Structure formats: C-alpha cells, structure tokens
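Q: I would like the atomic coordinates for the input below:
(one chain, ligands or ions: 2)
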Amino acid sequence: MREFGYERALDVSGAVALAGADPETRFLGGGTNLVDLMKAGVERPGRLVDVTELPLDRVESTPDGGLRVGATVTNSDLAAHPDVRRRYPALTQAVLAGASGQLRNMATVGGNLLQRTRCGYFTDVTKPCNKRNPGSGCPALAGEHRNAAILGASDACVAVHPSDMGVALAAFDAVVTYETADGPGELPLADFYRPVGDTPHLETALPAGALVTGLVLPPAPVAARSRYRKVRERASYAFAIGSAAAALEVRDGVVQDARLAFGAVASRPWRARAAEQVLIGAPATGETFAAAADAELSAARPLPQNTYKVPLMRNLVVALLTELTEEAAR
Ligand SMILES: Cc1cc2nc3c(=O)[nH]c(=O)nc-3n(C[C@H](O)[C@H](O)[C@H](O)COP(=O)(O)OP(=O)(O)OC[C@H]3O[C@@H](n4cnc5c(N)ncnc54)[C@H](O)[C@@H]3O)c2cc1C
Ligand code: SF4
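A: Numbers count the residues shown, from 1 in each chain. Ligands and ions are numbered 1, 2, ... in the order given. All right, here's what the predicted structure looks like:
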C-alpha cells in the first residue's frame, strides 16, 4: 500500500472542511471495503478523513413516524435496533444477510451505500475496466459475467451493486442526506445512484466532497410486514446472486399495497415499480405474483452466462410474496 495521510474528524463541518473537494481524499467509515481496495491498488487516496467519531451514530424516530439513521451507525446496530426490527423487518433481514458478524460490527451505513462493485475485473488492476479506468473497456462482456447485471446495464459496464441493505432501503423509499461546504442536501435513493450509461465510473449523484450524514426512512405501514430473501452460492457469508425485499398488505384476498426491490441484478438496488403496478389491486395469488415478476423482468437483457438470473428472480419473487401472503393470513 502506498503512503497516505490520515485525519480524524470530530464534527460534520470539520469533516467536510478537511475533505474539501479534493479528489485525492476519501472518507473512512469502517474501512472494510476501502482499505481492501487500497491494498489492491484500486483506490489510491492521498488522504483519509476518518468519520467514525462523528455524532452520526444514532437511530431516531422522526415526528411523522419514520426513522432517521446516522451514517456511522454500524450495520450490526442498525439490524438490532428495535424500531428497525418492528417497523422495517426486511431491513434487519437484509443487513443480517450481508457479510459476517465481525464485518457488520465495523461496517457503517454510509460505507455500505458507497461500497464498490465486486466485479473481479474491477478489483484486478492488471485488467482493463471502464469503471476503474474510464474508456479502457469492459472485459466482463466477453469474459466472466455469471453474476453480472440483467437490468439497466450498458455496453460500457454490466457490474452489479453488492449491497443487501440498499435493496430494503430502495423498497422503503429511503432518502440519503449529505453535507457539503455549501450546506446540507438530500437525494432519494432512487436518484442517488446514477444510471450506468457510458459513464460507469460516475456512480452516484453526490456532489464532490459530500459527506453522507445518514438516511431517512419515511413512514411506511406496509413495511411492518416485509421480508428479505437472498440467494447466494454458499450459506456462509457471500454476496447475493439474486435477492429481493418485499412488503405486502392484503385485505380480503386483494393486494392493497406492495413494495418490491431486487438486488444483484443491476448497478444499483433495483426498485421493481412495474411489478408493484401489477400487484396493487390484484388478487394475492401465485398467478398475480408470477405476472408481477414477469412485468419487471421483461426488461431483462441477460448475457450468455447469467440467463439463469431471470428464472431465479421470478421464482424468488413468487416464493417471497407467497410467504408474505400466508403470513398475513395466519
Ligand atoms: C468478506 C466480505 C463480505 C461481504 N459481504 C457482503 C454482503 O454479503 N452484502 C453486503 O451488502 N455487503 C457485504 N460486504 C461489504 C460490506 O458490507 C462493506 O464493506 C461495508 O458495508 C462498507 O462499510 P464501511 O463503513 O466499512 O465502508 P468503508 O470501507 O469505510 O468505505 C466504503 C466507501 O464509502 C465511502 N464512505 C464511507 N463513509 C462515508 C460517508 N459517511 N460519507 C461519504 N463517503 C463515505 C468511503 O470513502 C469508501 O469509498 C462484505 C465485505 C467483505 C469484506
Ligand atoms: S462490468 Fe463494469 S466493473 Fe466489471 S469490468 Fe466491466 S466496466 Fe469494469
């Protein structure tokens, strides 16, 4: 690892001032992604600003019945928080499905949202990669792409976003808050990650030097009955090859409200709005659930090695929504 500077920030304005808009500076959360990438030579910051001592480590209720989550809350604390478990159970399940206990104790909410893709070409500096080195090409297209995106990808990049937490946050319309030298700002999660297009290296809509201060979960009564399901290649910790967060409210056999988001299928947590439109107002049956999945997945453009993701996601959606319906009937 090459030499770098290190400073610890004690307040938000100090952290923003320390970082400025210097492209050589990175904020350091738990370090569980950034430090690995520095060791591999993928990230080469000149300076780290450690944000773990900032007073952003609380989960609080908002007056309207939602939740405000600080950026330095650890994944473990987020998953264990009683209000998260009760009001957004799919969020707890998503966080607990990610990484290992030790990693979750270190990893922070801000860092989880901003973790980089696990595409093997991205982390191998001997290979070209449009995300790491714009304009150099995308070897995944003709090479290894078993876990690549099937939705919203481009010829420039087919990598998926690895966050489990982000999938539940997408289903529940989370809003990311941030601070810059010009003051605070916020971005709905739907606008937080930029579409890939031909600029896969520009991943978020955050202004340069922005410190993520946390996120706000709006009140969502439907979220109290929600679940997260993750398919992975082994039961021990592993990234998803497909996942979904779902919430369903069923009355008299008819879907009144529905939330659905997919993971490991796109460069960002994927809100399945086409599927939600099919679900709401329809009978809560397996046929409806399959039609909803098909509506979303009709836009899928898999590559030769990842066609399996289309039936995998279809089966996952039907199973998850069936489970939620049976649970509601009990
Ligand atoms: C072996 C292993 C398995 C894993 N498995 C999973 C998994 O199954 N599912 C999953 O979702 N994740 C998984 N992870 C990823 C893990 O969840 C992330 O590494 C972690 O969430 C990143 O959080 P961090 O606080 O350590 O971020 P850091 O590594 O500190 O930072 C990550 C990025 O976020 C930026 N950053 C951090 N905080 C802020 C802030 N407040 N404002 C602005 N920028 C900020 C950093 O500059 C950096 O670019 C795994 C990681 C490992 C090592
Ligand atoms: S899929 Fe994206 S991250 Fe992977 S090699 Fe191609 S450009 Fe790089």
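Q: nearest residue to residue 137 in space, please, no chain neighbours.
A: In space, and not counting its chain neighbours, residue 137 is closest to residue 128: 4.3 Å by CB to CB, 6 or more residues apart in numbering. All C-beta atoms are positioned from the backbone trio N, CA, C, and that covers glycine.
Q: would you check that the one you found makes contact with residue 139?
A: Yes - shown here, residue 128 and residue 139 form a contact pair, counting by CB atoms under 8 Å, at 5.9 Å.
Q: overlap of the contact sets of the two?
A: Shared contacts of residue 128 and residue 139, defined by CB atoms under 8 Å, 6 or more residues apart in numbering, are found at residue 121.
Q: which of the two has more neighbours?
A: Neighbours per residue, other CB atoms under 10 Å: of residue 128 and residue 139, the larger number sits with residue 139, 17 against 13.
Q: which residues does that one contact?
A: 121, 127-129.
Q: repeat that with 6 Å
A: If you count contacts by CB atoms under 6 Å, 6 or more residues apart in numbering, residue 139 has them with 121, 127-128.
Q: for these, which one is nearest ligand 1?
A: residue 121 (18.0 Å; CB to the nearest ligand atom).
Q: and the closest one, what element?
A: Using DSSP states H and E, no element contains residue 121; it sits outside every helix and strand.
Q: coming back round to it: doesn't the residue nearest to residue 137 lie inside a strand?
A: No - assigned with DSSP: H, G, I helix; E, B strand; the rest coil, residue 128 falls outside any strand and is coil.
Q: return the residues of the stretch 201-330 of the chain in contact with ligand 1.
A: Residues of the stretch 201-330 of the chain found near ligand 1 (CB under 6 Å from any ligand atom) are 211-212, 237, 239.
Q: do you know the pLDDT at the residue nearest to residue 91 when sequence neighbours are not counted?
A: Of all residues not flanking residue 91 in the chain, residue 168 sits nearest, at 4.1 Å (CB to CB, 6+ apart). Looking at residue 168, its pLDDT stands at 98.
Q: how much space separates residue 168 from residue 20?
A: 33 Å (CB to CB, to the nearest Å).
Q: who has more neighbours, those two?
A: A count of neighbours by other CB under 10 Å puts residue 168 above the other of residue 168 and residue 20, at 34 against 14.
Q: show the contacting residues for the more buried one.
A: Residue 168 neighbours (CB under 6 Å, 6+ apart): 90-91, 94, 228, 245.
Q: can you tell me the helix or strand for residue 133?
A: Per DSSP H and E: residue 133 is located in neither a helix nor a strand.
Q: residue 69 now?
A: According to DSSP H and E, residue 69 maps onto strand 67-70.
Q: before we move on, which element is the residue most central in space within the chain in?
A: The C-alpha lying nearest the average C-alpha coordinate of the chain belongs to residue 166 (CA atoms, centre = their mean; 2.5 Å). Assigned by DSSP H and E, residue 166 falls within helix 165-171.
Q: I'd like the next helix or strand past that helix.
A: According to DSSP H and E, the helix or strand after helix 165-171 is strand 175-180.
Q: helices of the stretch 101-250 of the chain, residue ranges please.
A: Assigned by DSSP state H, counting those that start in this stretch, the helices in the stretch 101-250 of the chain fall at 101-106, 109-114, 165-171, 189-192.
Q: let's see the third one as CSV, backbone CA atoms only.
A: Pointing back at helix 165-171 there. Output in CSV follows, covering the C-alpha atoms of helix 165-171 (Å, rounded to 0.1, in the frame of the first residue of the first chain):
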residue,chain,number,x,y,z
MET,A,165,-29.0,-3.1,2.9
GLY,A,166,-29.6,-0.9,-0.1
VAL,A,167,-32.3,-3.3,-1.5
ALA,A,168,-34.5,-2.9,1.5
LEU,A,169,-33.8,0.9,1.6
ALA,A,170,-34.9,1.1,-2.1
ALA,A,171,-38.2,-0.7,-1.3
